[in-house]
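A.B. asks: Next input, structure requested:
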Amino acid sequence: MKKLTLTRQELYNKVWEKPTSQLAKELTISDVALAKICKKMNIPKPGLGYWAKVQNGRKPVKPALPKGNFIPQHTFYIKEREGMPESKEISIESVKNKVQASSEKTYNNALIKSLSDCPAPLQNACKRFIKHRGDAVNYLIYIPQYPIEISQSNPEKAFCIAATLLRGFADRKIPIIQKSERRKCKILGEELSFGVRETFTRKKYPANYDKETFGRQYYFTGSGRFEIFITNKDYFSEKIFRFVETDKKKIDSSIIERFYLELYVSAEKIKAK
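C.D. replies: Alright, predicted model coming up:
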């Protein structure tokens, strides 16, 4: 076992040189362990989408290393890999082949586009939401039973996406469990949370706004674009998979299929730790 001591500055440099997953593999620790070390040493890490921007030739902002009396260094104990078989890489393609080999069934990944095609419980929930959504000022409202987070202006699309995901869980015989007010799925023995969320912009109430704001300074305007995501703890945890709609790319059958493959990949990675 090799001993490697990195100063706070050296670890900061390495974290911004390559993706966390690659660096963690070199240090023979998990992504989660590396994230905890960075948090303890107050080392900022690249955010979601940073490396994709770099690959596309962009130069995203890199925050400076914060000053202060933080842990100055950390020692890593790197396991020797000589003579040891390399761990099998868990990828979308390998999981896809495995899933296809275990089932001859072709799943319907087409996005439900009309509320009338959704199951009755979701239709009724959407109608109740529309009936009680209040005035035109938009708030993001969390509906835990499904789980959906939406504004008052775009509920039908959110419920259609949720209905598509729930249909896929039923087709694949992936059990859904209700914990408190959170829905989770159980796959390969692991519990994962998932959700549908509308992206939004935050706006400040004007100084002369004459309606009750209940102490809030800001309100949220829904964009009409949605994201679907997976987390390994609960709805509000850090996302391990996330697809966000853009003007050019919307949630469609290919994204729905990817969502389920990512569920299997996530469960396999958690089991491998």
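A.B. asks: buried sites along the strand or helix carrying residue 268?
C.D. replies: Secondary structure assigned from DSSP states H and E places residue 268 in helix 253-272. Neighbour counts over helix 253-272 (16 or more other Cβ atoms under 10 Å) mark 255-256, 258-270 as buried. C-beta here means a position set from N, CA and C on the backbone, and glycine is covered the same way.
A.B. asks: try stretch 149-157
C.D. replies: For stretch 149-157, the neighbour count (16+ other Cβ under 10 Å) marks 149, 150, 151, 152, 154, 155, 156, 157 as buried.
A.B. asks: One more: stretch 161-178?
C.D. replies: 161, 162, 163, 164, 165, 166, 167, 168, 169, 172, 174.
A.B. asks: tell me the secondary structure for residue 66?
C.D. replies: At residue 66 the chain is in coil, as set by DSSP: H, G, I helix; E, B strand; the rest coil.
A.B. asks: quick one: the nearest residue to it once chain neighbours are set aside from residue 72, how far?
C.D. replies: Distances taken as Cβ to Cβ, 6 or more residues apart in numbering put residue 42 closest to residue 66, at 5.4 Å, once the chain neighbours are dropped. Residue 42 sits 11 Å away from residue 72, going by Cβ to Cβ, to the nearest Å.
A.B. asks: ok, now residue 231?
C.D. replies: Distance, residue 231 to residue 72, using Cβ to Cβ: 33 Å.
A.B. asks: just residue 158 next, same as before
C.D. replies: Noted for residue 158: a distance of 48 Å to residue 72, by Cβ to Cβ.
A.B. asks: Looking at those two, which has the bigger crowd around it?
C.D. replies: Between residue 158 and residue 72, counted using other Cβ atoms under 10 Å, residue 158 has the larger neighbour count: 23 against 9.
A.B. asks: In three-state terms, label the more buried one for me.
C.D. replies: Reduced to three states by three-state DSSP, residue 158 is helix.
A.B. asks: for it, what are its contacts?
C.D. replies: Residues near residue 158 by Cβ atoms under 8 Å, 6 or more residues apart in numbering: 148, 150, 196, 198, 226.
A.B. asks: Sketch out the low-pLDDT regions of the stretch 101-250 of the chain for me.
C.D. replies: Applying pLDDT under 70 to the stretch 101-250 of the chain picks out residues 101-104, 133-140, 144, 179-182, 209-216, 233-238.
A.B. asks: What ranges does it have for its helices?
C.D. replies: 120-131, 155-171 (DSSP state H, counting those that start in this stretch).
A.B. asks: Quick one, which of those helices gets closest to residue 76.
C.D. replies: Closest approach to residue 76 among these is made by helix 155-171 (39.8 Å; Cβ to Cβ).
A.B. asks: hmm, back to that, can you say which of the helices of the stretch 101-250 of the chain is nearest to residue 12?
C.D. replies: Set against residue 12 and scored by Cβ to Cβ, the helices of the stretch 101-250 of the chain come closest in helix 155-171, at 38.7 Å.
A.B. asks: Okay, angle between that closest one and helix 120-131 too, please.
C.D. replies: Interaxial angle, helix 155-171 versus helix 120-131 (axes from the mean of the first three to the mean of the last three Cα atoms, to 10 degrees): 160 degrees.
A.B. asks: how far away is residue 165 from residue 256?
C.D. replies: Plainly put, residue 165 is 7 Å away from residue 256 if you go by Cβ to Cβ.
A.B. asks: for residue 243, same thing?
C.D. replies: Residue 243 is 10 Å from residue 256, by Cβ to Cβ.
A.B. asks: now swap in residue 185 and tell me
C.D. replies: In this view, residue 185 and residue 256 are 14 Å apart by Cβ to Cβ.
A.B. asks: now swap in residue 141 and tell me
C.D. replies: In this view, residue 141 and residue 256 are 24 Å apart by Cβ to Cβ.
A.B. asks: same check, this time on residue 4
C.D. replies: 43 Å.
A.B. asks: And the pLDDT at residue 92?
C.D. replies: Reading off the confidence values, residue 92 has pLDDT 61.
A.B. asks: and residue 232, what is it in contact with?
C.D. replies: Residues near residue 232 by Cβ under 8 Å, 6+ apart: 190, 192, 193, 240, 266, 270.
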